[in-house]
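Student: Next one to model:
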Amino acid sequence: MEVKNRKAYFDYQIIETYECGIVLKGTEIKSIRSGKVDIKDSYAIIRKGELFLLNMYIAPYERGNLFNHEERRTRKLLMHKKEILKINTVLKENNYSLIPLKLYFKQNRAKILLGLAKGKKQYDKRQVLKEREMKKRMEKEWKDFTKNC
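Tutor: Below you'll find the predicted structure:
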């Protein structure tokens, strides 16, 4: 099971990626395994030398009853202290953002792939759309050309 943030690749230019663990409660992991999670509007911040993920949506577990979790609570991310300090200096110097790109399982543990991202301008986004459209058109014409030959 893997959840990707496709919007991040369109809205941001990804400079570097980091893998980190995530602290979850019992019913949260069950909802993630069933695929009821959304990371498109979430982001990570550093507070007091610790990394936190904000605004990630994990749907309540159907059978969780009394012990269910909050859907959009702040979750702590697990990463080495040296890496967090390195990321913090880069964030402050270059005005970047930390955006979750992918949520996946690695050896039965939930992992988040964070991207050090710089926001794209509107004209950059238009350029990406134009290139994508040209690529589709060229592939279609090539397909038609090979079919006629």
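Student: ok, Ser31 touching Met56?
Tutor: No. Ser31 is beyond contact range of Met56, at 11.4 Å (criterion: Cβ atoms under 8 Å). Quick note: C-beta positions are derived from backbone N, CA and C, even for glycine.
Student: intersection of neighbour lists for the two?
Tutor: Counting by Cβ atoms under 8 Å, 6 or more residues apart in numbering, the contacts common to Ser31 and Met56 are Val37.
Student: where exactly do the strands run in the chain?
Tutor: 2-4, 12-22, 37-38, 43-47, 50-54, 57-58, 75-78, 97-106, 109-119 (DSSP state E).
Student: Out of those, flag the one nearest Met138.
Tutor: Of all the strands of the chain, it is strand 12-22 that lies closest to Met138, at 24.3 Å by Cβ to Cβ.
Student: then that closest one to PDB, C-alphas only?
Tutor: The C-alpha trace of strand 12-22 is given here as PDB (Å, rounded to 0.1, in the frame of the first residue of the first chain):
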ATOM      1  CA  TYR A  12       6.800  22.400  -6.000                       C
ATOM      2  CA  GLN A  13      10.300  21.800  -7.300                       C
ATOM      3  CA  ILE A  14      11.700  19.000  -5.200                       C
ATOM      4  CA  ILE A  15      15.400  19.600  -4.200                       C
ATOM      5  CA  GLU A  16      16.100  16.700  -1.900                       C
ATOM      6  CA  THR A  17      14.200  13.800  -0.300                       C
ATOM      7  CA  TYR A  18      14.400  12.300   3.200                       C
ATOM      8  CA  GLU A  19      12.900   9.100   4.600                       C
ATOM      9  CA  CYS A  20      11.500   9.200   8.100                       C
ATOM     10  CA  GLY A  21       9.300   7.100  10.400                       C
ATOM     11  CA  ILE A  22       6.100   8.300  11.900                       C
END
